[in-house]
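In: I need the structure of the sequence given here:
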Amino acid sequence: MTKTISLLVIITISLSSCRSAFEFSSLQPKGGISSKLPSLEPVTYISTLENAYSKGQSISVGSAYSTGVMGGAITVGSALTTNYADKRVNDALVIFERDVKDNITNYIGEKKGSISFKITNSSYILKSRLGGYMGAWLGTTALMYIPIYPKMESSENIGAVTAAAFAVPLIPALIYPAIFKPKAIQNVEIEVEILNLQGKVVGRYTGLGIGTYKSSMYTFPKDVQRIVNADAVKSALQEIKAKIDKDNNLLITELK
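Out: Numbers count the residues shown, from 1 in each chain. As a prediction, this is how the structure comes out:
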């Protein structure tokens, strides 16, 4: 019995340590369009990102951005020039900029317009499922005690009784977290506009994205919000790229 309990504890510790930390590769979007658009300058409405993540204002520490123009938009230069109150703001910026340069446009060359990015809606949900876990744990523990309690009461082996008393509630306590996994969910709605050199909007697209993370043993990585947000932003942009692809010929004509 003691060996069994020790083994279960070791397994629990191992599972709880299997957590994926945020990786910079998460900021690399994939999937392009069939024929890239002419070179466009990426523009981001930072205020919409700050409102979406609600962790305060950003502080400019450089001059690579032009702030306070185009209705609160900034021209993307280098994300290192601004200290963002929430790292998810920088993550969304980087993903969008890379998508524009690598997957949507032929970025090198004379600019034929701009492509703007804003988050119009967002939500972050943490589903703990603690109630389900506690209910299942209490119910299973009670059912396990029913057949062995009479033997425990009549046993003169104090060690065995003590081991059983600890093992019965411990076993479901170690098993059920793998079933009742809490989950972090990020939803975003993104709007992208494409403008020609005259400032005329030649395309407006929206995309919905979702990012999820199921934890192990009721533990989350420190940066779980960044993990699910990066996935949500990439998912929304993937939907938008599919819509841009359908209008590809029209957009190329309008941007000449």
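
In: where does the stretch 151-256 of the chain have low pLDDT?
Out: Scanning the stretch 151-256 of the chain for pLDDT under 70 picks out 151-180, 216-219.

In: now the helices: where do they sit in it?
Out: 158-175, 224-246, 248-254 (DSSP state H, counting those that start in this stretch).

In: would you mark the buried spots in the last one?
Out: Under the neighbour-count criterion of 16 or more other CB atoms under 10 Å, helix 248-254 has 251, 254 buried. For glycine as for every other residue, the C-beta is placed from the backbone atoms N, C-alpha and C.

In: check which helix or strand covers the nearest residue to L40 once chain neighbours are set aside.
Out: Computed as CB to CB, 6 or more residues apart in numbering, the closest residue to L40 that is not its neighbour in sequence is I115, at 4.4 Å. When secondary structure is defined by DSSP states H and E, I115 falls within strand 113-127.

In: tell me the angle of that strand relative to helix 224-246?
Out: Interaxial angle of strand 113-127 relative to helix 224-246 (axes from the mean of the first three to the mean of the last three CA atoms, to 10 degrees): 140 degrees.

In: and strand 113-127, what's buried?
Out: Judged by neighbour count using 16+ other CB under 10 Å, the buried positions of strand 113-127 are 113-119, 122, 124.

In: list the residues that contact the residue nearest to L40.
Out: With contact taken as CB atoms under 8 Å, 6 or more residues apart in numbering, I115 is in contact with 40-43, 100, 104-105, 192-195.

In: ranges for the strands of this structure?
Out: Secondary structure of the chain (DSSP state E): strands at 41-45, 59-60, 73-75, 82-83, 113-127, 183-196, 201-214.

In: in CSV: the ones you listed, plus distance to A236.
Out: CSV is the format used below for the strands of the chain (distance: least, CB to CB, whole Å):
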stretch, distance to A236
strand 41-45, 14
strand 59-60, 26
strand 73-75, 18
strand 82-83, 22
strand 113-127, 9
strand 183-196, 4
strand 201-214, 3
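
In: the strand holding I115 pairs with which strands, and in what direction?
Out: In the sheet, strand 113-127 lines up against strand 41-45 (parallel), strand 183-196 (antiparallel) (DSSP bridges).

In: ramachandran coordinates for F22?
Out: When quoted as degrees, to the nearest 10, the phi and psi of F22 stand at phi -60, psi 130.

In: list the contacts for it?
Out: For F22, the residues meeting the contact criterion (CB under 8 Å, 6+ apart) are 221-223, 226-227, 230.
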